Each structure stands twice: as C-alpha cells, then as structure tokens.
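Engineer: Here's a sequence, model it:
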Amino acid sequence: MNTHNAIRLVSLLSIWMLAAQGQIFQPQLAPANFLGRITSNTVILQQPYCVFTQTCPGCEIWLVAALSTGTGNFNALVNISSPISLSVSPYPTAFLPSSAQFFLTRVGPLANFPCNTAPAFPYFTVGADGICTGINCNGVLPVGSIVSFRYLLIDPSNYTVVNMTNWGGPFNLTTLLSYQTINDGLSARSGAMVVITTLLCVAVALLLLVFFIMLCVSCCGKKDGKTVTVMSSIRIPRYDTHNLKEHVHPYDNQAYEPDAKNYSRSQTLPKSPVRK
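Structural biologist: Numbering: from 1, shown residues only. Okay, the predicted model is just below:
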C-alpha cells in the first residue's frame, strides 16, 4: 500500500469515527505533508466523503468560503430546511467592503461522494478557477486573509438546504512579503554559507596569483640568442694524401685555387712534411 492510499484510508476512518460518535463533520485541510495546501489565495480541503448519509436523489454538495465577518452574515441568511439563493453573494463582488464577505461554489453531486469507495483524489482546491467572473465560480480568496469553510447539501429542485456541516477553520492564508523587506546581507546568511564563499574566493585568488607568476617567469626567462651560422661544407684548400705511403706529397685542391689569397699567411697554410 502506498502513502497516498494510506492517507485516503485514514481520512475516511476519521470521518466514519466522527459520524459514529454523533459529531458533525467540519471541513479540514489536506494532510500536513501535502504541498501547497495553504497558499496566499488558495486552500486545499478534504472532500466530504461519507458525510451526508441521508437519501437525497439529485442533491448536490456546495461549499461556502467566508471571511471572519462573512460567517455571521451567512448564518443570518441561511438555515437548514430553508430555501437559499445561490446568487445571494456572487463571487466577483463577494469580498468588497460593502458585500457579504462570502461566496458559494459547487463541489459536485452527492452520488459522487459515497462511503464504500476510496476516492482517487479526495481533495477540493478552493480558488482553483483563479480570477473568474461567474456568480458561483471557484475563484481565488483575498490574499493573506483569514477564511472559514462549510459544506452544504442542497436540493436543486427547490434550492433547499437539506443539511450542512459545521464551520471549518479559521485558516490563515500565507501573507506575501515585499522584496524590499528581504534581508540579503551577510547577517541573513548562515555561517556555513559564509565559510564556503570565503574559501571559494581565496581559491580563485590563489589561482590568479599562480597564473600571474607563471606568466612573469615565462616572459622574463626568454634570452636573446645569437644566430649560429652553419657552414655548408668545410673548405680545405690543401691537404696531404697520407694514405698513399709510397709517394706522400701535399695535394692542392684545384677547386679552391682562386681563394689562395685567403690563406696567404703561414699560420693558415698547411705545412709539407720534411723529407730526409
């Protein structure tokens, strides 16, 4: 059994226990682990499964959403077994200063909320229609307000209130804060975040320092080298044919005879061996 099914069974058991003890059901919020059950202008409630047990063919379940002053206004206008006008407080003007401070919206037919069937999604989102213009549309609630809810069982043939639950709530909606009130200074940050930010800054500074040092060493370490002239060949104007042992005599390289002037000094000219 998964968590969602377990939550549904617990919700049904709590409703059955209240009915067995003779207590009147009141709308309740979705479980605490349900994300978004209360926002600045919406509320997620548990649907009224197995709450209205009387036989009422064709009857419908409606929800009343009222501010703190609207609960008294509704109680003064509506009673069990008395007719009700579904347009008594239309949504578009329901929360104006001169209005009744409540509105009615349709939840669904009574036949859709039996006791012997586990619902697939046992929750009702108040404000699911957003900003709407219908008389009984499921519009958003005033931002940051305090609201209460109750379910009604209405016979659509004569618009008579057959039964109703107690008021559930009041519930405080989330209040929006201005961005100017958000403290983004160091005092609003955790110690761990400050330490991590400091370490990252130091690491970046060290990397930049190492890069700068390597750049300086690379630029300053270059030396101006002299171009080495490579001779294409060794120019030997005169040499001895020492491998010819019988007739050893100097050999003049005729290819370099025109350059004899470059070797005019005795230090540069090869010397002939002295014959005995």
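Engineer: Next, count neighbours for Gly75.
Structural biologist: Rather than Gly, residue 75 is Asn. 12 (other Cβ atoms under 10 Å). Where you see a C-beta, it was placed from the backbone N, CA and C, and this is true even at glycine.
Engineer: For Gln26, which three-state class applies?
Structural biologist: Secondary structure for Gln26, judged by DSSP: H, G, I helix; E, B strand; the rest coil, is coil.
Engineer: cool, and Leu153?
Structural biologist: Leu153 ends up strand, using three-state DSSP.
Engineer: what are the ranges of the helices in the stretch 51-200 of the chain?
Structural biologist: 68-77, 191-220 (DSSP state H, counting those that start in this stretch).
Engineer: do you know which of the ones you listed lies nearest Phe121?
Structural biologist: helix 68-77 (27.4 Å; Cβ to Cβ).
Engineer: what's the helix or strand for the residue lying closest to Thr125 once chain neighbours are set aside?
Structural biologist: Distances taken as Cβ to Cβ, 6 or more residues apart in numbering place Ile44 nearest to Thr125, at 5.2 Å, with adjacent residues excluded. Assigned by DSSP states H and E, Ile44 falls within strand 43-46.
Engineer: That strand - contacts with which helices or strands?
Structural biologist: Counting contacts by 3 or more Cβ pairs under 8 Å, 6 or more residues apart in numbering; DSSP states H and E, strand 43-46 is packed against strand 123-126, strand 146-155.
Engineer: Might you report the residue contacts of Met193?
Structural biologist: Applying Cβ atoms under 8 Å, 6 or more residues apart in numbering, we find Met193 in contact with no residue.
Engineer: how long is stretch 107-114 end to end?
Structural biologist: 14 Å (Cα to Cα, to the nearest Å).
Engineer: Quick check: buried residues in it?
Structural biologist: Val107, Leu110, Phe113 (16 or more other Cβ atoms under 10 Å).
Engineer: give me the low-pLDDT residue ranges for the stretch 1-150 of the chain?
Structural biologist: In the predicted model of the stretch 1-150 of the chain, residues 1-23 satisfy pLDDT under 70.
Engineer: ok, back up a step: okay, now the residue nearest to Thr125: neighbour count?
Structural biologist: By other Cβ under 10 Å, neighbour count at Ile44 equals 19.
Engineer: repeat for Leu206
Structural biologist: Other residues within reach of Leu206, judged by other Cβ under 10 Å, total 10.
Engineer: OK, contacts around the residue nearest to Ile146 when sequence neighbours are not counted?
Structural biologist: Nearest in space to Ile146, with sequence neighbours left out and distances taken as Cβ to Cβ, 6+ apart, is Pro170 at 4.7 Å. If you count contacts by Cβ under 8 Å, 6+ apart, Pro170 has them with Ser68, Ile146, Val147, Ser148.
Engineer: Adding neighbour count and distance to Cys220, write those residues out as JSON lines.
Structural biologist: What follows is the contacts of Pro170, written out as JSON lines (neighbours: other Cβ atoms under 10 Å; distance: Cβ to Cβ, whole Å):
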{"residue": "Ser68", "neighbour count": "13", "distance to Cys220": "79"}
{"residue": "Ile146", "neighbour count": "13", "distance to Cys220": "74"}
{"residue": "Val147", "neighbour count": "26", "distance to Cys220": "76"}
{"residue": "Ser148", "neighbour count": "21", "distance to Cys220": "80"}
